[in-house]
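Q: following is a predicted model, sequence given first.
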Amino acid sequence: MVDRRHFIKKVAGGLAALGSWFLLPRSGLAADPVAADTEVATIMDMLPGKKALIKKSYRPPNYETPVNYFDAPFTPNDVFFVRYHNSVIPEVKAEDWRLRVGGEGVSTPMELTLEQLRRDFKPAEIAALCLCSGNRRGLFQPHVPGVQWGSGAIGNALWRGVRLKDVLAGAGIYKSSVEVSLDGADSGMHKSSPDFIKSLPVAKALDENTLIAFEMNGEPLPHWNGFPARLIIPGWTATYWMKHLTEVNVLSKPFDGFWMKTAYRIPRDRFASGQFSSQETLTNMPITEMVVNSLITNLIDGQTVPAFKPLEIKGVAWDGGIGIVQVEISTDDGISWHLATLKQDYGRFSWRQWHYEFEPKRTREFRIMARATSHSGASQPLEPIPNPSGYHHNAVQKIAIQAA
Ligand SMILES: Nc1nc2c(c(=O)[nH]1)N[C@H]1C(S)=C(S)[C@@H](COP(=O)(O)O)O[C@H]1N2
Ligand SMILES: [Mo]
């Protein structure tokens, strides 16, 4: 067990490290429902092995990435966001780590070392976006309880590991199995804090894209992102992406722990996302796929830009795995829309970068908006869709910039 106090270093110069974009004045108009009401007094803090990130809470560690880092196709490991529910986070040693595969739904329980996982199974690699279900929760009006995330509880990475289905094949899954539960090495400080255990429908666990990853962007996973191994469930929000994975159990009935039965639930039929039939009630269901969304990464609300000079508007767009077909930009508060250029496609589970060239031809305020559409035709709403836990915030961003 590791005492976090020895690990968390305050960074006095944290704000300066971000560069001047961060300190630009905000417009008095607060046109951006995303920027409006975000914390102004942001605290930057550094976890060991990470650069300064935006601290949302210290125990457990919850740190988001400043959006300017999202200008790269893959988010560097040392600025990748960190999200934990519980505060006891052991530093797992690769040699000591074991993955236990069991539950009443398998014929042959197993225990595997990291070495065995690497050696005995076919490697698999995928570019996939890791998005916290509650990203942008802090922007919901009225206020919703929970970590008050801005837009930075997200990151795109190239994950490498083995397929969960290959590992489960060795344990012999019974056909009658319903769910697969996932547990990690972390736990709560008090008996009253429920251990963070998630479950997946068997079909999702056996999906060829579901990986146990050891590597992130060509390096071992950072401690804070799940060393030595974590689950990757491409397309689904990151709540299922168990870090420091230690236990996978195949179950003959729905898992009823707090983090499935009570938390991470959305009203049924309010979002265009998939099913999780073994966990659905008459009124609600677990969150599953990400919804179509986009983010402008190089402009902030209230920023001043030079008039009569080309301005490249840049950002990213994503959905739950259907793929982005177009991103439209408005520079006149939503009156007219123009297609942005999509950059390289790294696969349907990666985010897609885009850019749009615009020249402010007057000295005045311009209201910039970005709207992504997926191959299914789903597009972003103008206002976030209300739900009790503030998930799936995918409203079109509105950023006011001043051309001078
Ligand atoms: N062991 C463990 N895994 C976890 C969590 C956790 O609290 N403990 N949180 C989940 C949630 S809700 C998110 S958003 C992602 C965040 O992944 P990251 O910290 O690598 O960015 O981890 C997931 N896996
Ligand atoms: Mo999350």
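A: Structure received. Ligands and ions are numbered 1, 2, ... in the order given.
Q: what sits against the closest residue to Tyr240 other than its chain neighbours?
A: Among residues not flanking Tyr240 along the chain, Ile233 sits closest, at 4.5 Å (CB to CB, 6 or more residues apart in numbering). Using the backbone N, CA and C atoms, a C-beta is placed for each residue, glycine as well. Neighbour list for Ile233: 200, 204, 210, 240-241 [criterion: CB atoms under 8 Å, 6 or more residues apart in numbering].
Q: in strands, which of those residues appear?
A: If you go by DSSP state E, these have Leu200 in strands.
Q: now, of the contacts of Ile233, which are buried?
A: Buried by 16 or more other CB atoms under 10 Å: 200, 204, 210, 240-241, out of the contacts of Ile233.
Q: could those residues be laid out in CSV, adding distance to Tyr69 and pLDDT?
A: As requested, those are arranged in CSV below (distance: CB to CB, whole Å; pLDDT from 0 to 100):
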residue, distance to Tyr69, pLDDT
Leu200, 30, 98
Lys204, 30, 98
Thr210, 27, 98
Tyr240, 24, 98
Trp241, 19, 98
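Q: and of those residues, the nearest to ligand 1?
A: Trp241 (4.7 Å; CB to the nearest ligand atom).
Q: phi first, then psi, for the closest one.
A: In terms of degrees, to the nearest 10, the main-chain angles of Trp241 are phi -80, psi 70.
Q: and the gap between it and Arg83?
A: 10 Å (CB to CB, to the nearest Å).
Q: quick revisit: any chance of the contacts of Ile233 in TSV with distance to Pro360 as columns?
A: Shown next, in TSV, are the contacts of Ile233 (distance: CB to CB, whole Å):
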residue	distance to Pro360
Leu200	48
Lys204	46
Thr210	46
Tyr240	43
Trp241	40
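Q: can you list the residues of the stretch 101-250 of the chain near ligand 1?
A: 130, 132, 184, 186, 196, 225-226, 238-239, 241-244 (CB under 6 Å from any ligand atom).
Q: before we move on, back to that, which pair in the contacts of Ile233 spans the largest distance?
A: Across the contacts of Ile233, no pair lies farther apart than Lys204 and Trp241, at 12.2 Å, counting by CB to CB.
Q: which stretches of the stretch 101-250 of the chain form strands?
A: 110-113, 123-131, 154-163, 179-184, 197-201, 211-216, 219-220, 230-232, 245-251 (DSSP state E, counting those that start in this stretch).
Q: so can I have CSV of those strands showing distance to Thr373?
A: As requested, those are exported to CSV (distance: least, CB to CB, whole Å):
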stretch, distance to Thr373
strand 110-113, 42
strand 123-131, 17
strand 154-163, 19
strand 179-184, 33
strand 197-201, 28
strand 211-216, 28
strand 219-220, 34
strand 230-232, 26
strand 245-251, 35
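Q: which among these is found nearest to Val325?
A: The nearest among the strands of the stretch 101-250 of the chain, by CB to CB, is strand 123-131 at 16.6 Å.
Q: can you pull out the helices in the stretch 1-150 of the chain?
A: Along the stretch 1-150 of the chain, counting by DSSP state H, counting those that start in this stretch, helices occupy 14-17, 114-120.
Q: show me what Asp332 is bridged to.
A: Asp332 has these beta-bridge partners by DSSP bridges: Arg367.
Q: separation between it and ligand 2?
A: 35 Å (CB to the ion, to the nearest Å).
Q: that residue and Phe366 touch, don't they?
A: Yes - counting by CB atoms under 8 Å, Phe366 is a contact partner of Asp332 at 7.2 Å.
Q: neighbour count winner among these two?
A: Applying other CB atoms under 10 Å to Asp332 and Phe366 shows that Phe366 carries more neighbours, namely 20 against 11.
Q: report the contact partners of that one.
A: Residues near Phe366 by CB under 8 Å, 6+ apart: 331-332, 360, 400-403.
Q: which pair of those residues spans the longest distance?
A: Largest separation among those by CB to CB: Asp332 and Gln402, giving 14.8 Å.
Q: for ligand 1, what's the nearest residue on the chain?
A: Taking CB to the nearest ligand atom, the chain has Gly184 as its residue nearest ligand 1, at 2.7 Å.
Q: what about that residue, how many neighbours?
A: 26.
Q: any weak-confidence spans in this protein?
A: Where the chain drops to pLDDT under 70, the residues are 1-41.
Q: how much space between the nearest residue to Asp195 once chain neighbours are set aside and Tyr84?
A: The shortest distance from Asp195 to any non-neighbouring residue, by CB to CB, 6+ apart, is to Ser187 (5.4 Å). Ser187 is 11 Å from Tyr84, where distance means CB to CB.
Q: one step back: can you name the residues that contact the residue nearest to Asp195?
A: Going by CB under 8 Å, 6+ apart, the list of residues near Ser187 reads 86, 88, 193, 195-196.
Q: apply 6 Å and report the result again.
A: Shown in contact with Ser187 (CB atoms under 6 Å, 6 or more residues apart in numbering): 86, 88, 195.
Q: OK, contacts around the first one?
A: Taking CB under 6 Å, 6+ apart as the contact definition, Asn86 lies against 60, 186-188, 193, 196.
Q: buried ones only from those, please, as a PyMOL command.
A: In PyMOL syntax, the buried subset of the contacts of Asn86 is picked out as below (16+ other CB under 10 Å):
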select buried, resi 60+186+187+196
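Q: turn the contacts of Asn86 into JSON lines, columns for distance to Ile324.
A: Converted to JSON lines, these look like this (distance: CB to CB, whole Å):
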{"residue": "Pro60", "distance to Ile324": "33"}
{"residue": "Asp186", "distance to Ile324": "34"}
{"residue": "Ser187", "distance to Ile324": "38"}
{"residue": "Gly188", "distance to Ile324": "38"}
{"residue": "Ser193", "distance to Ile324": "38"}
{"residue": "Phe196", "distance to Ile324": "31"}
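Q: let me see the contact set for the residue most central in space within the chain.
A: Centroid-nearest residue in the chain: Leu131, 1.3 Å away (criterion: CA atoms, centre = their mean). Residues near Leu131 by CB under 6 Å, 6+ apart: 154, 237-238, 290.
Q: what is the nearest of those residues to ligand 2?
A: Ala238 (5.2 Å; CB to the ion).
Q: wait, that closest one sits on Cys132?
A: Yes - judged on CB atoms under 6 Å, Ala238 makes contact with Cys132 at a distance of 5.4 Å.
Q: neighbour count: these two, which is higher?
A: Ala238 (25 against 22).
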